[in-house]
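>>> sequence first, then the predicted structure, then my questions.
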Protein chains: 2
Amino acid sequence: MHSASNPAAAFRSHDHEDCLGSVLNRADTLSREAGIRMTPVRRRTLEILLEEHRALGAYEVLERLAKHGFGSQPPVAYRALEFLVEHGFAHKIRRLNAFAACMQPGEAHAPAFFICDACGAVAEVPEEDVRDALEVAADRLGFRMSRVNVEVLGTCPACIAEAA
Amino acid sequence: MHSASNPAAAFRSHDHEDCLGSVLNRADTLSREAGIRMTPVRRRTLEILLEEHRALGAYEVLERLAKHGFGSQPPVAYRALEFLVEHGFAHKIRRLNAFAACMQPGEAHAPAFFICDACGAVAEVPEEDVRDALEVAADRLGFRMSRVNVEVLGTCPACIAEAA
DNA sequence: TTACCTCTTGTTATATTATAACATATCATG
DNA sequence: CATGATATGTTATAATATAACAAGAGGTAA
């Protein structure tokens, strides 16, 4: 299995160079196809988010962007992040006020995020069942559903093992 | 059906005096039983959250508390809200950075929140199916789940009708 | 090519949300 | 009624996020 489509890669050992690289390549391809501009700041922002499988706050991203020679004021980070989220290359993790790279860019998906309290790892997991259950509930309510956030807090396998 | 246990009351017409009153009574009872102190600020904060079926930001709550003669500095509101959330009398809606009264206090529940983009109404709906699906996924991942946030954005029945 | 338009970047300034730290007051209880 | 724990109020500040505008980069069509 190719690591970019490995669900919950955050919780599995994998070749992270390959994982990062393939997501980045895919983002480049998708941008070209969609006619949107994956500019240097935006691409670098995505690279930063891809470095580790965790969510970064906008100011953490900003700090790293500044080190790479980009602007050092908040809008620089917020704008790049907004672009990535808007085009499906990143997700905002509301629970953390932070951002994580999307591990399935371009694929229609209704992800749930599993967030480890202990180490901060964030795994993105396709959860069609959850979305289906919510669709059913929405229909019953007469509610027109547009977006869904599903975030699960707890302890990841590695941190459970560590504690034992 | 008693309005306090009416799921998604926010989206249904109901006797709101009764709805508010019964949740408040229930909160009083539960506090007494649990030996926790439902003080005036805390109770008033809950009343404020119960006025409408929508989420209020901490500063909105604070403003109203101040009008009722309580302190006017942020910690006053944040502390009361923290108490309510901690004891299951309110929920934080992460998507909105805001707080909503819990409509099923004391009952074990894994609520999903349906949030109307148009009018701000927030409905709390028991979603055992969703929780079950997430438990299954968590087990598969070896993830120990502690807390879950499920928030659905969209348009409520009333606003759909309005638009038509 | 220039002229023009749009989108992007960078900056300053400020808004919004949230917490730390400490003094005073209240409450249960021994 | 003394005491320790809990709650309230205050000042100050931290952390997160956006508005508004000037300058630059990129496309496109005369």
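Everything's here; your move.

>>> put the alpha carbons of the lengthiest strand in chain A into CSV.
Secondary structure assigned by DSSP state E gives strand A:144-155 as the longest strand of chain A. Output of strand A:144-155 as CSV, limited to C-alpha atoms (Å, rounded to 0.1, in the frame of the first residue of the first chain):
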residue,chain,number,x,y,z
ARG,A,144,-29.6,20.3,5.3
MET,A,145,-26.0,19.2,6.2
SER,A,146,-23.1,21.0,4.6
ARG,A,147,-20.0,20.3,6.6
VAL,A,148,-19.1,18.0,9.4
ASN,A,149,-16.4,17.9,12.1
VAL,A,150,-15.7,14.8,13.9
GLU,A,151,-12.8,14.9,16.4
VAL,A,152,-12.0,12.1,18.8
LEU,A,153,-9.7,12.6,21.8
GLY,A,154,-7.8,9.9,23.5
THR,A,155,-4.5,8.0,23.6
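
>>> hmm, that strand touching DNA strand C?
No - on the criterion Cβ under 7 Å from any atom of the strand, strand A:144-155 is out of touch with DNA strand C, staying 14.6 Å away. The C-beta positions use only the backbone N, C-alpha and C, and glycine is treated the same way.

>>> what's next to that strand, contact-wise?
Applying Cβ atoms under 8 Å, 6 or more residues apart in numbering or on different chains, the contact partners of strand A:144-155 are A:93-95, A:110-118, A:127, A:130-131, A:134-135, A:138, A:163, B:94-95, B:114, B:117, B:130, B:134, B:138, B:143-155, B:160.

>>> ditto for stretch A:76-83
A:41-42, A:44-45, A:58-59, A:61-62, A:65, A:70, A:89-90, A:92, A:99.

>>> repeat the analysis, applying 10 Å as the threshold.
Under the contact criterion Cβ atoms under 10 Å, 6 or more residues apart in numbering or on different chains, stretch A:76-83 has outside partners A:36-46, A:48-49, A:56-66, A:70-71, A:75, A:89-90, A:92, A:98-99.

>>> which among the contacts of strand A:144-155 end up buried?
The neighbour count (16 or more other Cβ atoms under 10 Å in any protein chain shown) marks A:93-95, A:110-116, A:127, A:130-131, A:134, A:138, B:94-95, B:114, B:130, B:134, B:138, B:143-145, B:148-155 as buried among those.

>>> ok, back up a step: strands paired with the longest strand of chain A, and their directions?
strand A:111-116 (parallel), strand B:144-155 (antiparallel) (DSSP bridges).

>>> show me what from chain A comes close to DNA strand C.
Within chain A, the positions near DNA strand C by Cβ under 7 Å from any atom of the strand are A:36-37, A:39-42, A:70-76, A:79-80, A:83.

>>> just the buried ones from these, in PyMOL syntax?
Buried members of those, identified by 16+ other Cβ under 10 Å, are gathered into one PyMOL selection as follows:
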select buried, chain A and resi 41+42+70+76+80+83
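
>>> check the residues of chain A next to DNA strand C and tell me the two furthest apart.
Farthest apart among these by Cβ to Cβ are A:36 and A:72. That separation is 25.1 Å.

>>> quick one: which of the residues of chain A next to DNA strand C sit in strands?
The members of these all map outside strands under DSSP E.

>>> re earlier: mind checking what helix or strand follows the longest strand of chain A in sequence?
Next helix or strand after strand A:144-155 toward the C-terminus (DSSP states H and E): helix A:157-163.

>>> which residues sit against that next one?
Helix A:157-163 is contacted by residues A:8, A:10-13, A:116-121, A:123, A:154-156, B:141-144 when judged by Cβ under 10 Å, 6+ apart.

>>> what subset of the contacts of stretch A:76-83 is also close to chain B?
With Cβ under 10 Å from any Cβ of the partner chain as the criterion, these include residue A:92 near chain B.

>>> which of the contacts of stretch A:76-83 fall in helices?
A:40-46, A:48-49, A:58-66, A:75 (DSSP state H).

>>> surely residue A:90 meets residue A:58?
No - using Cβ atoms under 10 Å as the test, residue A:90 is too far from residue A:58 to be in contact (11.3 Å).

>>> now for these two: what residues contact both?
Shared contacts of residue A:90 and residue A:58, defined by Cβ under 10 Å, 6+ apart, comprise A:45, A:80, A:81, A:82, A:99.

>>> show me what contacts residue A:20?
Per Cβ under 10 Å, 6+ apart, neighbours of residue A:20: A:3, A:4, A:46, A:47, A:49, A:50, A:51, A:52, A:53, A:101.

>>> relative to chain B, which of those is nearest.
Nearest to chain B among the contacts of residue A:20 is residue A:53, at 13.0 Å by Cβ to the nearest Cβ.

>>> which one of the contacts of residue A:20 is nearest to residue A:29?
residue A:4 (11.8 Å).

>>> so what pLDDT did the closest one get?
Listed pLDDT for residue A:4 reads 45.

>>> can you get me a residue count around residue A:107?
Using other Cβ atoms under 10 Å in any protein chain shown, the number of residues around residue A:107 comes to 12.

>>> pretty sure it sits against residue A:126.
Yes - counting by Cβ under 10 Å, residue A:107 touches residue A:126, with 8.4 Å between them.
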